[in-house]
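*Asks:* could you look at this predicted model? Sequence included:
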Amino acid sequence: MKLPAFKRIPRHVGFIPDGNRRWAQRRGLAKYAGYAAGIKPGFELYRTCIALGIEEISVYGFTNDNTHRPAEQTEAFSNACVSAVKQLARMDAELLVVGNDESPKFPPELKKYRVRQKLGRGLIKVNFLVNYDWHWDLNYALRHNAGDQRKEFKESIASADVSRIDLLVRWGGRRRLSGFLPVQSVYSDIYVVDELWPDYNTRQFFDALHWYESQDITLGG
C-alpha cells in the first residue's frame, strides 16, 4: 500500500461505521445482511491505521439502543462483532471491549476482553464498543467511585482506559455522535463520509486525514 504524505497524523481515531442496513436495502437484501458485509472493510481500515502509525482506534460495534431492533438484526450485528473479535485475536493489537457486560445483550464470548488483552505484537490499541451505552459509561463513576475524591471523573467512568480522541470519522452521511464515547470525544474533530460503511475504501480515510491536517487544534485554549 502506497501511503500519502501527511504533515500530522492523529494519535487516536474513532470510527462510526454506519449505513450497513441502507447498504443491504439498496441491493435488495434484508437489512440484517449488511452487518456481515462490514467486517472485511474493518480489517482493511485496521491495517491502514497500523501502516500509518496511528496508536489507538475506537470502533462502534453496537449500542444498547441498537438492541431494541428486530431480533434478526440484533443477532446479526452481535454475531458480526464476535466474528470480528475472533479474527482480531489472531492479529497484533491491544484489544479492549467496552460495553455493559452485565446485560444479556452482551455476547458472552467477549467478556474476557473487558480487560485489555495484548494480542500478538500488540501494534495498536483497539477499543471495540459492544453493547455500549453512554449512560452506563458515565453512571459507572457514580456507582463504583462515589465519595472517592482522589479520582477525577474521567478516571472513574467505565471507559477510563480509552484516551482522548483526536479525530472521529463517521460513514453513512449522518451528522451526529450517537452517544459515541462522550468524554473522549469532547474535543474531537468530526469528519463525515457520505458513502455507506460497507462501501469503504482507503481514499475516504485519506480524505479525512488530509482534512484533519487543516484543522486548528486548540482543545478549547
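*Replies:* Everything's here; your move. Numbers count the residues shown, from 1 in each chain.

*Asks:* the worst-scoring helix or strand of the chain on mean pLDDT: which residues count as buried?
*Replies:* One helix or strand of the chain scores below all others by mean pLDDT, DSSP states H and E: helix 134-144, with a mean of 89. Residues Trp134, Trp136, Asp137, Leu138, Tyr140, Ala141 are the ones in helix 134-144 that count as buried (16 or more other Cβ atoms under 10 Å). Every C-beta, even on glycine, is put in place using the N, C-alpha and C of the backbone.

*Asks:* wait, which of those is closest to Ser163?
*Replies:* Asp137 (14.5 Å; Cβ to Cβ).

*Asks:* tell me what the lengthiest helix in the chain is packed against?
*Replies:* Criterion DSSP state H: the longest helix present in the chain is helix 71-88. Here helix 71-88 touches helix 33-36, helix 39-52, strand 56-63, strand 93-98, strand 125-132, going by 3 or more Cβ pairs under 8 Å, 6 or more residues apart in numbering; DSSP states H and E.

*Asks:* and these, which is most packed in?
*Replies:* Comparing these by mean neighbour count (mean count of other Cβ atoms under 10 Å), strand 125-132 ranks first with a mean of 25.

*Asks:* so where is the chain shaky, pLDDT-wise?
*Replies:* Low-confidence segments of the chain (pLDDT under 70): 1, 145-151, 221.

*Asks:* any idea what the residue nearest to the spatial centre of the chain is bridged to?
*Replies:* The centre of the chain sits closest to Val59, judged by Cα atoms, centre = their mean, with a distance of 1.1 Å. Bridge pairing for Val59 (DSSP bridges) gives the partners Phe15, Phe128.

*Asks:* that one touches Leu129, doesn't it?
*Replies:* Yes - between Val59 and Leu129 there is a contact under Cβ atoms under 8 Å: 6.7 Å.

*Asks:* looking at the helices and strands packed on helix 71-88, which is closest to Tyr113?
*Replies:* Of these, nearest to Tyr113 by Cβ to Cβ is strand 93-98, at 4.1 Å.

*Asks:* the closest one - contacts with which helices or strands?
*Replies:* helix 71-88, strand 117-119, strand 125-132.

*Asks:* quick one: residues in contact with that strand.
*Replies:* For strand 93-98, contacts defined as Cβ atoms under 8 Å, 6 or more residues apart in numbering pick out 46, 58, 85, 88-89, 110, 113-120, 122-130, 132, 137, 158-159, 161-162.

*Asks:* so what strands line up beside the next helix-or-strand element following the least confident helix or strand of the chain?
*Replies:* Per DSSP states H and E, helix 134-144 leads on to strand 167-171 as the next helix or strand towards the C-terminus. Here strand 167-171 is paired, per DSSP bridges, with strand 12-16 (parallel), strand 189-193 (parallel).

*Asks:* will you turn those into JSON lines that also has distance to Arg26?
*Replies:* Shown next, in JSON lines, are the strands paired with strand 167-171 (distance: least, Cβ to Cβ, whole Å):
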{"stretch": "strand 12-16", "distance to Arg26": "19"}
{"stretch": "strand 189-193", "distance to Arg26": "16"}
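
*Asks:* for Lys31, find the nearest of those strands.
*Replies:* When the strands paired with strand 167-171 are compared by Cβ to Cβ, strand 12-16 sits nearest Lys31, at 17.9 Å.

*Asks:* that closest one vs strand 56-63, what angle?
*Replies:* 20 degrees (axes from the mean of the first three to the mean of the last three Cα atoms, to 10 degrees).

*Asks:* make 572 the starting number, not 1.
*Replies:* Okay, residue one is now 572; in that scheme the one you just asked about reads as strand 583-587.
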